[in-house]
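Peer 1: Fold the following and give me the result.
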Amino acid sequence: MTKKLGIVGFGEAAEGIASGVREVRPELQIMVWDILFPTADKGPPMKARAAEKGILVADGPAAIFQHADIVLSAVTTDQSLVAAKQCAHHIAPGTIFVDLNSTSPGKKRAVAEVVNERGGHMVEAAVMDYVPRHGHRVPMVLAGEKASVAAEQLSELDMQVTAIEGGVGQASTIKMVRSVFMKGLSSILAECVLAADQAGIQEEVLTSINKTYTGIDWKQLTAKALTSTALHAGRRAGEMRECSETLRELGIDPIMSSASADRLQSLADLGLKNIAENSGSDTIEGFLENVKEAKNKSLT
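Peer 2: As a prediction, this is how the structure comes out:
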């Protein structure tokens, strides 16, 4: 039975998973390391949140691998390979390293090469839903030589994981191709609503969509999608860039995915996240007001 869990990265996803596991397995020792821990501004509050939840704070990546039976990597999409290289020197032979990051199959295989070269076992995890909605029980698909072993260990922690056949890259391919639709739809809805609002035809447009695609409350779906997009546009833009890379690896020109990444990045660049967090709005009108406020602030 897994007695010690290590986590590299302590962002929203990692914190949500660690907190949930801690609640169901209070006897489990969880240790976390984040590259921001040593910083003067972001480090102290992050370490304080971990301590409040009974999560041990490592003084560096080496401590994580000295501590843990299994290690989860939950950093940002652009740092997954960097984190693996930083950790590689400390990986004990036989350690299972589960990469949760939303990256292309090619990048997952690059991480696997780094980890496996040091005697570890890299298992990729494709996170298939929104972590804050499910916490540690967010559905995950695992792939890699030791995927079934990792699935057994993580299931002991009440995590919802499924091991599939195929090597590293199989799970991320499923995730990335799914995101072409999921994140692409969010970016299209954002662009549609922004244009409809500018033209003063929001009600007419959404009513028309409701009539064309029956069985879905498009107003409700759009409000939910835009609320989430406002908070996570930057992270999702990064994921869509990874989707684009995945499509290139498959020999497909990522025309729509690249455009979706640009749309999401444009919202992130406005500083929309901070405004959305403060407003707490979960309506279409709230999203539009937040965008207008963000644009006004960017002009001052």
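Peer 1: The longest helix seen in the chain: how far from the chain's middle?
Peer 2: Of all segments of type helix in the chain, defined using DSSP state H, the longest is helix 218-249. Distance, stretch centre to chain centre, for helix 218-249: 11 Å (Cα atoms, centre = their mean, to the nearest Å).
Peer 1: shaky segments in the chain?
Peer 2: Within the chain, the stretches with pLDDT under 70 are 1, 300.
Peer 1: can you pull out the strands in it?
Peer 2: Assigned by DSSP state E, the chain shows strands spanning 4-8, 29-33, 56-57, 70-73, 96-99, 121-127, 140-143, 161-163.
Peer 1: Strand partners (parallel or antiparallel) of the last one?
Peer 2: Spelled out, that is strand 161-163. strand 140-143 (parallel) (DSSP bridges).
Peer 1: buried residues in stretch 2-11?
Peer 2: The neighbour-count check on stretch 2-11 (16 or more other Cβ atoms under 10 Å) flags T2, K4, L5, G6, I7, V8, G9, F10 as buried. C-beta here means a position set from N, CA and C on the backbone, and glycine is covered the same way.
Peer 1: so can I have a markdown table of the residues you listed showing distance to S186?
Peer 2: As requested, those are exported to a markdown table (distance: Cβ to Cβ, whole Å):
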| residue | distance to S186 |
| --- | --- |
| T2 | 35 |
| K4 | 37 |
| L5 | 32 |
| G6 | 32 |
| I7 | 27 |
| V8 | 28 |
| G9 | 24 |
| F10 | 26 |
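Peer 1: thinking T222 is in contact with E203, fair?
Peer 2: No: applying Cβ atoms under 8 Å, one finds T222 not in contact with E203, separated by 12.0 Å.
Peer 1: ok, back up a step: in the longest helix of the chain, which of the residues would be classed as buried?
Peer 2: Neighbour counts over helix 218-249 (16+ other Cβ under 10 Å) mark 218-219, 221-247, 249 as buried.
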